[in-house]
Every structure is written in structure tokens, then in C-alpha cells.
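Colleague: Build the 3D model from these lines:
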Amino acid sequence: MQPDVFRLYWRIRADAEDHGRSLAALAIRHDVGRRTVRTALTTPLPLPRERPRSVPTGAAPDKLMALIDQRIELDESAREIWTHLMDEASVSVSYSTVWLRLRQHQIARV
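Modeller: Below is the predicted model of the structure:
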């Protein structure tokens, strides 16, 4: 957490106590949103940021992984493999699935 955030919360609380300003006036004065002012007045420390959770996707079928692996052996890029699967092999697959499989192969080689 940055020290500036602590100082900002402290200044907002001090300003509210000393001058009795409203939430909207504090928000304008400190150039922050009313939600930030409300949080500064109700919590002693700034809340930590929430990191987005990655949503695990279902595993792709083994047959699809075999097709991807064949194209990886031809030393193609993820974009080339994905285009081949979508256009020529008529397989519906997300680019991220192809990219992750290619990345796994790259890591395994090292």
C-alpha cells in the first residue's frame, strides 16, 4: 500500500473532524470519489485491492490436444495453429487454449 493513500485518508478524516464538511465537499476538496471519502471515514486503514481470480476452464478433449500437439511439432505459432484448426480442420477452439498448450510445450523444452 502506498504511503500517499494513508496520508490521503488521514487528511480526509482530519478535514471532516476539523471543519465538518459533507461527503460531497470532502470528495471535491480532495479530488476523490464519495466512495473513497466514505471508506476513509469508516475504516482506519485503506482496504487492500482485490485481485481478480482466474476462472479455471474445462480441460480440452485429448483429441483436440493431439491436433494442437501435431501443429506444435511443425514449429508453428499459436496464431497459425489456431487459424489452421478453425479454418482448415473445422474445430472450434479458443485462442487461449492453443496459446496455453504451446506455452506448456515451451516450458517443457527448457
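Colleague: all helices in the chain, in order from the N-terminus.
Modeller: 3-19, 23-30, 34-42, 62-73, 78-83, 95-109 (DSSP state H).
Colleague: Now the last one: buried residues?
Modeller: Within helix 95-109, the residues that qualify as buried by neighbour count (16 or more other Cβ atoms under 10 Å) are 97-98, 101-102. Glycine gets a C-beta too; all of them are placed from N, C-alpha and C.
Colleague: Check the fifth one too.
Modeller: Across helix 78-83, burial judged by 16+ other Cβ under 10 Å covers 78, 81-82.
Colleague: Format those as a markdown table; extra columns: distance to R51 and pLDDT.
Modeller: As requested, the buried residues of helix 78-83 are exported to a markdown table (distance: Cβ to Cβ, whole Å; pLDDT from 0 to 100):
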| residue | distance to R51 | pLDDT |
| --- | --- | --- |
| A78 | 26 | 93 |
| I81 | 30 | 93 |
| W82 | 28 | 93 |
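Colleague: Could you double-check that R38 lies in contact with L23?
Modeller: Yes - R38 is in contact with L23 according to Cβ atoms under 8 Å; the separation is 6.2 Å.
Colleague: Comparing these two, which residue is more hemmed in?
Modeller: The neighbour comparison of R38 against L23 (other Cβ atoms under 10 Å) goes to L23, with 17 against 14.
Colleague: right, and that one touches T39 too?
Modeller: No - if you go by Cβ under 8 Å, L23 and T39 don't touch, sitting 10.8 Å apart.
Colleague: tell me, what's touching R38 and L23 both at once?
Modeller: Common contacts of R38 and L23, defined by Cβ atoms under 8 Å, 6 or more residues apart in numbering, are absent altogether.
Colleague: Show me the shaky parts of the chain.
Modeller: Scanning the chain for pLDDT under 70 picks out 1-3, 52, 54-60.
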